[in-house]
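Chemist: Generate coordinates for the sequence data below:
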Amino acid sequence: MLVKGDTAVKKSVELISSITGIGTLTAVTVLAETNGFELIRNKRQLTSYAGLDVREKLSGTSVKGKPRISKKGNRHLRKAMHMPALTAIRYEGRFNPHCSFLG
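Modeler: Numbering: from 1, shown residues only. Now for the predicted structure:
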């Protein structure tokens, strides 16, 4: 595996994999799609780059749509983060009493 050959990449993969729900394959995908976070400076940039930023649909003054993600970013990154996000929601909701996003 190429990750084992480069110590900097291996350390980055291990660090990303320490996040709940993220495995080695997801960590490698995230590093590859973001070019090692070279151009990403903060979480807002990463959210926008992945197309996970929320956009409200406003049509005139009377119609207000349901907020949705923009999907204008990197689809590979969005696809890689789908299952880890569901796992993190399930894990945090079960083991962290301060999380109230599960109802």
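Chemist: distance of Ala88 from Lys66?
Modeler: Noted for Ala88: a distance of 23 Å to Lys66, by Cβ to Cβ, to the nearest Å. In short, each C-beta sits where N, CA and C put it, glycine included.
Chemist: I'd like the distance from the one helix or strand Glu14 maps to to the chain centre, please.
Modeler: Secondary structure here is read from DSSP states H and E; on that basis Glu14 sits in helix 7-17. What separates the centre of helix 7-17 from the centre of its chain is 17 Å, taken as Cα atoms, centre = their mean, to the nearest Å.
Chemist: Counting neighbours, show which residues of that helix come out buried.
Modeler: Under the neighbour-count criterion of 16 or more other Cβ atoms under 10 Å, helix 7-17 has 9, 12-13, 16 buried.
Chemist: if we can go back for a sec, which one of Ala88 and Lys66 has more residues nearby?
Modeler: Neighbour totals were compared for Ala88 and Lys66, and Ala88 leads with 16 against 6 (other Cβ atoms under 10 Å).
Chemist: isn't that one right next to Gly21, touching?
Modeler: Yes. Ala88 is in contact with Gly21 according to Cβ atoms under 8 Å; the separation is 4.2 Å.
Chemist: All set, thanks.
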